[in-house]
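Participant: Fold the following.
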Amino acid sequence: MNANYVAALNGTLVSPTGGAALSSVEFYNDLPFTVQLFFIDGSGYHQYLGTIFANSNAPVSNVNVGDFFLFSLPTSGAFISVIELTSATGYHLDNTLLIDPNDIGPIPQPNQTVMVPPNSPRVLVACGTLPPTGPGETISSTSNYVTREQYWALQGDSYSIVPGETRTISFTVTSGKQETSSEQATVAASVGTSAGGGWGPVSASVSASLNMSASVFQQVTITEQTSTYVSDVVTNNSKVPILVLRWQMVDVLTIFTLTGTPMGTVSSGSVVIVQSYDLSGLASQVARPLSVRRSPPPKLGKSA
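Facilitator: Residues are numbered from 1 along each chain as shown. Sure, this is the predicted structure:
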């Protein structure tokens with residue numbers, strides 16, 4: 001993953017001070033949905049500037065060379081991209097700036113202050129307008145588009161074990177479709193397929209829509225949920241308490257109308273990754289300095 005993206009997701013990306021002043025820059029939103037725009041200040045905080053509508057552009061004034069701007073989805077808050085200003089030119093937000101599927105950054109790590117880390121931020125890895133489904137239809141007349149988001153989810157059966165302790169750990173390994181906002185028939189209808197065909201045609205339609213504009217090949221496979229029950233006996237033979245965290249990458253597909261109304265969503269999980277930590281050797285949390293607003297602050301103009 002791009003180093004600036006990693007830093008933006010973990011809160012360490014900052015806009016430097018002393019950059020050459022620019023009168024203004026123009027941001028072009030070439031994606032099929034409205035996006036939120038944030039200025040990343042010199043302390044790493046995200047300062048909300050406003051929204052830029054789909055397939056439109058808007059100016060931002062009071063900016064400097066080296067400033068970072070972050071884009072996210074209004075519907076879920078998912079991270080889209082970060083753009084660094086290098087000159088007073090136009091900057092385009094399109095599919096080529098999206099993170100590749102499964103390359104969503106490292107698994108969240110515990111520290112002395114936050115021993116149980118939260119789920120990672122959602123990351124948009126693909127989006128696309130659904131292909132035409134009948135004679136005379138065009139992409140512009142198609143009613144729906146699809147987004148694909150991923151994030152690391154902490155599993156509830158994570159545990160800790162003290163030195164010399166032996167315990168039986170029972171957990172469930174779940175793969176495939178975990179949640180859906182509606183019946184299969186509703187999801188199938190939203191992507192223009194028949195409900196009688198099962199999840200296969202839905203997967204194919206979603207993959208086709210993502211690949212129409214994706215910068216890398218996208219393959220989405222939606223399967224019925226399967227669960228495996230596992231029971232292990234574990235012993236901590238070390239001299240330190242051990243924290244065991246189980247993480248699963250979650251894939252979320254959401255179908256929207258072109259006006260941004262959600263039509264349906266399907267969430268699925270992949271393989272579970274297990275990581276263990278020495279509780280006595282966790283890193284300290286790095287304190288973030290207070291936010292200091294630039295004067296005058298960056299300002300977003302109206303979309304055109």
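
Participant: so where's the chain shaky on pLDDT?
Facilitator: 131-143, 172-227 (pLDDT under 70).

Participant: now the helices for it?
Facilitator: Ranges of helices within the chain are 3-10, 184-190, 199-211, based on DSSP state H.

Participant: you'd agree K299 is up against V63?
Facilitator: No - the criterion here is C-beta atoms under 8 Å, and K299 misses it with V63 at 9.0 Å. The way it works is simple: take the backbone N, C-alpha and C, and place the C-beta from them, glycine included.

Participant: who's more crowded, those two?
Facilitator: Ranked by neighbour count (other C-beta atoms under 10 Å), K299 and V63 place V63 first, with 23 against 14.

Participant: Just grab the bridge partners of that one for me.
Facilitator: With beta bridges defined as DSSP bridges, V63 has these partners: L22.

Participant: Isn't it up against T86?
Facilitator: No - the pair V63 and T86 fails to qualify as a contact (C-beta under 8 Å) at a distance of 11.2 Å.

Participant: most centrally placed residue in this protein?
Facilitator: V123 (1.1 Å; C-alpha atoms, centre = their mean).

Participant: List the contacts of the residue nearest to K302 when sequence neighbours are not counted.
Facilitator: Excluding the flanking residues, the one nearest K302 by C-beta to C-beta, 6 or more residues apart in numbering is A58, at 6.4 Å. For A58, the contact set (C-beta atoms under 8 Å, 6 or more residues apart in numbering) comprises E26, F27, N29, L37, G50, I52, L300, G301, K302, S303, A304.

Participant: Distance check, A58 against S295.
Facilitator: As defined by C-beta to C-beta, to the nearest Å, A58 lies at a distance of 22 Å from S295.

Participant: try V286
Facilitator: Taking C-beta to C-beta as the measure, V286 falls 27 Å from S295.

Participant: So between those two, which is more surrounded?
Facilitator: Between V286 and S295, counted using other C-beta under 10 Å, V286 has the larger neighbour count: 9 against 6.

Participant: quick one, phi psi at that one?
Facilitator: Backbone torsions for V286, taken as degrees, to the nearest 10, come to phi -80, psi 120.

Participant: Distance of it relative to Q112?
Facilitator: Counting by C-beta to C-beta, the gap between V286 and Q112 amounts to 11 Å.

Participant: what's the answer for R288, then?
Facilitator: 16 Å.

Participant: do the same with T257
Facilitator: As defined by C-beta to C-beta, T257 lies at a distance of 47 Å from Q112.

Participant: do V266 as well
Facilitator: Computed as C-beta to C-beta, the V266 to Q112 distance reads 38 Å.

Participant: So what's the residue count around the residue nearest to N144 when sequence neighbours are not counted?
Facilitator: What sits nearest to N144 in space, not counting adjacent residues and going by C-beta to C-beta, 6+ apart, is L130, at 4.9 Å. Neighbourhood size, L130 [other C-beta under 10 Å]: 24.

Participant: before we move on, what about L49?
Facilitator: Other residues within reach of L49, judged by other C-beta under 10 Å, total 20.
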